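Asker: okay, structure incoming, though there's no sequence with it:
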């Protein structure tokens, strides 16, 4: 016997509707589960910030202090003394009204120039008129030294030679004074060099502004063995 179902009792037609209802129910349960697990417990206390003490950071406002300008310097006031017209002046310059003619003599006063005094003890190294040896050049004094110089025997035996520098002054009178050895070689050579310089005849003295003065020389004397 073939079983026949009515269209009302056939559930195959409503299968899609039931499937959609099942999806909606399952989706609702899933959303409810997520919402139930992530909700914070103390959510009711949000927004109550007014009871907390919040310290406000106050930034002080700095202003540049303008220093007052320095006071102006005190002004010096000139004191003007008012003199009355009836005051007599004792020191009065009197000018004589004189006329000059051809016969009037005018006296002219001459002023003498004061010459600068030169000390006799002053020593010069260079003057206007240098000293000369017997009216000749310095070569004449060199010739005199060569002609009158004696080579010490002790220095010859020991083979001593060299150049001795002698310093001396030509005084205002032309004499050789203050002869000393400034660079020596041997005592025997130094002694002979001083002897021949001190035995020099008079020189023609040097002059500065027309006056004889003391002039200093440094003269080398050579001792050479042949």
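Answerer: Happy to help now that I have it. The shown structure was predicted, so the numbers you read here are calculated from the model rather than taken from an experiment. Residues are numbered from 1 along each chain as shown.
Asker: read off the pLDDT value for residue 46.
Answerer: In the predicted model, residue 46 carries a pLDDT score of 45.
Asker: what sits closest to residue 151 if chain neighbours are left out?
Answerer: Of all residues not flanking residue 151 in the chain, residue 223 sits nearest, at 6.3 Å (C-beta to C-beta, 6 or more residues apart in numbering). In this view, the C-beta of every residue, glycine as well, is placed from N, C-alpha and C.
Asker: that should have said residue 185, apologies.
Answerer: Per C-beta to C-beta, 6+ apart, closest to residue 185 is residue 162, 3.5 Å.
Asker: tell me who's in contact with the one you found.
Answerer: 185-186, 189, 222-223 (C-beta atoms under 8 Å, 6 or more residues apart in numbering).
Asker: of those residues, which pair is most distant in space?
Answerer: The span of those, defined through C-beta to C-beta, is set by 186 and 222 at 13.3 Å.
Asker: ok, and the helix or strand in the chain with the lowest average confidence?
Answerer: Least confident helix or strand of the chain, by mean pLDDT, DSSP states H and E, is helix 15-38 with a mean of 81.
Asker: any weak-confidence spans in the chain?
Answerer: 1-13, 37-68, 75-120, 138 (pLDDT under 70).
Asker: neighbouring contacts of the longest strand along it?
Answerer: When the chain is parsed with DSSP state E, its longest strand is strand 211-223. Strand 211-223 is touched from outside by 118, 120-125, 127, 130-131, 141, 145, 149, 151, 155, 160-173, 182, 185, 189, 192-193, 196-197, 205-207, with contacts defined as C-beta under 8 Å, 6+ apart.
Asker: helices of the protein, start to end?
Answerer: With DSSP state H as the criterion, the chain has helices at 15-38, 138-148, 153-157, 187-198.
Asker: can I get those helices in TSV with mean neighbour count?
Answerer: Below are those laid out as TSV (neighbours: other C-beta atoms under 10 Å):
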stretch	mean neighbour count
helix 15-38	9
helix 138-148	13
helix 153-157	12
helix 187-198	18
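Asker: for residue 213, grab the count of nearby residues.
Answerer: By other C-beta atoms under 10 Å, the residues close to residue 213 number 22.
Asker: against residue 222, how distant is it?
Answerer: Separation of residue 213 from residue 222 (C-beta to C-beta, to the nearest Å): 29 Å.
Asker: over to residue 192?
Answerer: For residue 192, the distance to residue 222 equals 12 Å [C-beta to C-beta].
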